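Peer 1: Predicted model, plus sequence, below.
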Amino acid sequence: MVNYLSEFSFQKVIGRLEANNNPCQDQKVGVLEKGVFRSDEARTDIDYLNNNTINPILINPIVIILESPHKKEFINNAPQGPAQGPTGRLFEIKFTALMKQSHLHDNLLRVSSDVVFVNAVQFQCSLGKSLNNTEAKKTKENNWIKCFEAGGSEDLVYRITAINPIAILNLCTRGNMGLQRRVDCCLKASTLRSIDYTCGLHPSTWNFSFAHIN
């Protein structure tokens, strides 16, 4: 299964019957080995099992938390996986260099780790619209918050717990309504708070000089 939200209806939660009820799967996207990221030729979907484990088995996983799937993450309403298009390419190009700036770098340098993309909310909160105006961004953030407060935050914790990572990077967009902060508070109030953790800017901004991972 894609998540633990068996009774969840995205359409009902946000009150929009035209919304896509299909969640976007989390995926293993590559490996961080000796501090160098190598993307997989083909991504691997994460299947969450009823015994709070996952398939496939991952090695020293690192969870990268993103926000929610946008326009390029779906083709004809069928989910393709997180961070498609320019965002995924920027991650592939810049992740190694930005990780060298992170306080997590030295610990992760000693191991080989599978890298997993996890959307905090797996539903298309943008409704497939381009986020090139204030109203579209506001709609996306409102939909995201409704989902996060209607079971999405608990589901995020369940999914990450099942992955059992050695480190978590919160790269959720901040937005105008504090989306990254909401994820941060959620994780710090959970059993995941003991895991190596940091925040940073969303990969969509990594073509700018101020891009960073704390």
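Peer 2: On my side now, so go ahead. From a predicted model like this one, the values you see are computed outputs, not experimental measurements.
Peer 1: The biggest strand by length in the chain pairs with which strands, and in what direction?
Peer 2: Taking DSSP state E as the criterion, the chain has its longest strand at strand 36-45. Here strand 36-45 has these sheet partners by DSSP bridges: strand 27-33 (antiparallel).
Peer 1: before we move on, the earlier item: what mean pLDDT does the longest strand of the chain have?
Peer 2: For strand 36-45, mean pLDDT rounds to 97.
Peer 1: swap in stretch 180-192?
Peer 2: Model confidence over stretch 180-192, given as mean pLDDT, is 98.
Peer 1: Show me which residues of that stretch are buried.
Peer 2: 180, 182-184, 186-187, 190, 192 (16 or more other CB atoms under 10 Å). From N, CA and C alone the C-beta is placed, and that goes for glycine too.
Peer 1: Equivalent analysis for stretch 105-123, please.
Peer 2: Across stretch 105-123, burial judged by 16+ other CB under 10 Å covers 108, 113-123.
Peer 1: Just the endpoints, please. Distance across that stretch?
Peer 2: 31 Å (CA to CA, to the nearest Å).
Peer 1: In what element of secondary structure is residue 114 found?
Peer 2: Taking DSSP states H and E as the criterion, residue 114 maps to strand 112-119.
Peer 1: Heading C-terminal from that strand, find the next helix or strand.
Peer 2: Counting by DSSP H and E, the element after strand 112-119 in chain order, helix or strand, is helix 134-147.
Peer 1: What is that next one packed up against?
Peer 2: helix 10-14, helix 179-188 (3 or more CB pairs under 8 Å, 6 or more residues apart in numbering; DSSP states H and E).
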